[in-house]
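Provided below for reference: sequence and predicted model.
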Amino acid sequence: MTNNHVSPREKSIVFIGFMGVGKTTIGKLVAQKLYRTFIDIDEEIEKEYGMPTQQIFQKIGEKAFREKEKSLIQKFCTQKLKIISVGGGAFLQKEIRDICLTNCTVIALDISWDSWKERLNVIIDSRPVLQGRSMEEIEELFYKRQEIYSAHNSKLVTDNLNVEEIADYITDSLKVAWEIYS
């Protein structure tokens with residue numbers, strides 16, 4: 001099921017980008033500003049399994065996590081008026097990229113490596129993909145995934161902006177686009 005015939009104003013909005021870029025924080029703020037329901041796919045998976053992502057990876061495995069991730073993204077992306085944050089690794093699956101790009105407005109949040117490194121100590125313990133990796137390996141992963149995040153409808157570099165500025169810019173830009181395309 002797709003929602004190709006939904007007006008741009010009603011399409012759900014998906015935030016993509018590297019882990020720790022702020023998809024959840026910014027997504028929640030944008031949802032408040034646009035009076036929409038916010039959905040964090042990782043949080044939905046954690047609710048279903050009753051454990052944090054790191055434990056899901058350890059006990060059930062990444063493959064099961066990715067399958068659940070795909071089914072939830074499919075479910076929510078075909079609904080109207082949602083703000084959806086997908087995990088940093090979700091867009092690695094072509095099928096997920098296609099679902100999101102076909103049904104939603106996809107906004108890529110981008111950040112420079114130097115700015116992202118400053119957040120590493122805050123996020124590393126909760127990100128199973130980073131566990132046991134050297135700084136060089138993490139940097140390689142960061143740049144490798146940039147290509148995957150290049151499939152989007154809009155992109156915003158978040159360096160030197162606070163979350164309120166980012167959310168305001170996104171909501172203002174969406175409102176202008178909706179006026180143009182309606």
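Now that the structure is in, tell me what you want to look at. Residues are numbered from 1 along each chain as shown.

quick check: what element follows the lengthiest strand in the chain along the chain?
Longest strand in the chain by number of residues (criterion: DSSP state E): strand 105-110. As assigned by DSSP states H and E, the chain's next helix or strand after strand 105-110 is helix 113-117.

for that following helix, buried residues please.
W116 (16 or more other C-beta atoms under 10 Å). No exception for glycine: its C-beta is placed from N, CA and C like everyone else's.

quick one: contacts for the nearest residue to F65 once chain neighbours are set aside?
What sits nearest to F65 in space, not counting adjacent residues and going by C-beta to C-beta, 6 or more residues apart in numbering, is I56, at 5.1 Å. I56 makes contacts with 45-46, 49, 64-65, as judged by C-beta atoms under 8 Å, 6 or more residues apart in numbering.

and if you look at G20?
Taking C-beta under 8 Å, 6+ apart as the criterion, G20 is in contact with 88, 116, 119-120, 122-123, 127.

mind checking the SS state of it?
Under DSSP: H, G, I helix; E, B strand; the rest coil, the three-state class of G20 is coil.

can you pull out the low-pLDDT segments for the protein?
Counting by pLDDT under 70, the ranges of the chain that qualify are 1-4, 124, 126, 128.

sort out which residues of the longest helix anywhere in it are buried, please.
Across the chain, the helix with the greatest residue count (assigned by DSSP state H) is helix 163-181. Using 16+ other C-beta under 10 Å as the test for burial, helix 163-181 gives 166-167, 170-171, 174.

what does stretch 40-52 give?
In stretch 40-52, counting by 16+ other C-beta under 10 Å, buried: 40-42, 44-46, 49.

among those, which are in strands?
Counting by DSSP E, the part of these found in strands is D40.

which ones among the buried residues of stretch 40-52 lie within helices?
Those of those lying in helices (DSSP H): 41-42, 44-46, 49.

ok, how many other residues are close to C100?
The local packing of C100 (other C-beta atoms under 10 Å) involves 26 other residues.

which among the contacts of I56 gets closest to F142?
When the contacts of I56 are ranked by distance to F142 (C-beta to C-beta), F65 comes first, at 20.5 Å.
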